[in-house]
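Asker: dropping the sequence and predicted coords here.
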Amino acid sequence: MVKDNRVLLLLILIILLVSSLFLYKSKFSDKDSDSKLGGFSQIKFSINYSSIDYPRELVYYKVVDEVWEENFSSQDLVNSSGGLLSEDEAILIAEDYIMSHGGLPGEAILDNVETQYVEKRTIGEAEGERIPLFVEVTYHRVINGTPVVGPGDFIMVTINEDGDVTGYMKSWRILEPTGIVDVISPEEATKKLKDKETIGDSSYSYPIVINKVYLGYYSQSPGEKQGFYKPVWVFQGVDYYGETIRLYVDAELVDDS
């Protein structure tokens, strides 16, 4: 019975690790989702446009190649003690592991440290015991002060209670500067948002309250062909359920003359 429970928990852990990548891909899916916008009147703004300082031009980049790596441990991953490493310990182990796999890119920054759990409960119970499985350490990318947004360009390391790395995923495109593009104003970007000219919308629930607007470079899902990284305006806020959402609008100023 104990062995069967361990096998079940191991299967659940593998599903969680794989689903982490799926969440990165699906959270900001590239599918056309204009039909999900549901009317601009349901998008509210709590920001002051006059306080947004932004560059009038930005470098854009050509995608030369993409690095994609993944590695999952086959060892016994079940957490028997009920305790995990501290966040600081997990970060040190993650960085050591990354160093042994090519090193941490200079544009990588620590994004999030989070403990993942599985809930153990019997049929009929509303709540069960939350069992910690691993600590997830994630890095995202910033190019010359401008964040890379979307589902690509991340490094994720998962670490169990013994300090062993149980999972590793890296999506990182190789870029070279290609030119300069002029950037539209946030007011112009809002008009594009109103006209449903968006990039990679995800599913969300209305109403939406936008509380932050900033520039970024949009990175498509790992494995998807992408020719260039050009700037986008990011409209960040919360939906009806308090979930963080991000809407993307092409920030390049196009000369129609």
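Answerer: Arrived safely. Numbering: from 1, shown residues only.

Asker: name every strand pairing with the host helix or strand of T138 and say which way it goes.
Answerer: Following DSSP states H and E, one finds T138 within strand 129-143. Strand pairing for strand 129-143, using DSSP bridges, gives strand 108-120 (antiparallel), strand 146-149 (antiparallel), strand 154-159 (antiparallel).

Asker: what's near enough to touch the residue nearest to Y117 when sequence neighbours are not counted?
Answerer: Distance criterion C-beta to C-beta, 6 or more residues apart in numbering; nearest residue to Y117, sequence neighbours excluded, is R130 at 4.5 Å. (Each C-beta comes from the backbone N, C-alpha and C, glycine too.) By C-beta atoms under 8 Å, 6 or more residues apart in numbering, R130 lies in contact with Y117, V118, E119, K120.

Asker: surely E119 touches I131?
Answerer: Yes - contact status for E119 versus I131: in contact at 7.4 Å, counting by C-beta atoms under 8 Å.

Asker: who has more neighbours out of those two?
Answerer: Higher neighbour count among E119 and I131: I131, with 15 against 11, using other C-beta atoms under 10 Å.

Asker: for I199, see how far away the more buried one is.
Answerer: 39 Å (C-beta to C-beta, to the nearest Å).

Asker: kindly report the same for P105.
Answerer: Between P105 and I199 the computed distance is 24 Å (C-beta to C-beta).

Asker: list the helices and strands the top strand by length along the chain packs on?
Answerer: In the chain, assigned by DSSP state E, the strand with the most residues is strand 165-182. Strand 165-182 sits against helix 2-27, strand 57-72, helix 87-99, strand 129-143, strand 154-159, strand 228-229, with contacts defined as 3 or more C-beta pairs under 8 Å, 6 or more residues apart in numbering; DSSP states H and E.

Asker: any idea of the mean pLDDT in the last one?
Answerer: Put plainly, it is strand 228-229. Taken as a whole, strand 228-229 carries a mean pLDDT of 97.

Asker: so what strands line up beside the next helix or strand after that strand?
Answerer: Counting by DSSP H and E, the next helix or strand C-terminal to strand 228-229 is strand 231-238. With DSSP bridges as the test, strand 231-238 is paired with strand 208-218 (antiparallel), strand 244-250 (antiparallel).

Asker: quick one: which of those is nearest V165?
Answerer: With C-beta to C-beta as the criterion, V165 lies closest to strand 244-250 of the strands paired with strand 231-238, at 27.6 Å.

Asker: and the closest one, C-alpha only, in PDB?
Answerer: Below are the C-alpha coordinates for strand 244-250, written out as PDB (Å, rounded to 0.1, in the frame of the first residue of the first chain):
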ATOM      1  CA  THR A 244      -3.400  39.000 -12.700                       C
ATOM      2  CA  ILE A 245      -3.900  39.500 -16.400                       C
ATOM      3  CA  ARG A 246      -1.800  41.100 -19.100                       C
ATOM      4  CA  LEU A 247      -3.000  42.400 -22.500                       C
ATOM      5  CA  TYR A 248      -0.400  43.200 -25.200                       C
ATOM      6  CA  VAL A 249      -0.500  45.800 -28.000                       C
ATOM      7  CA  ASP A 250       2.100  46.300 -30.700                       C
END
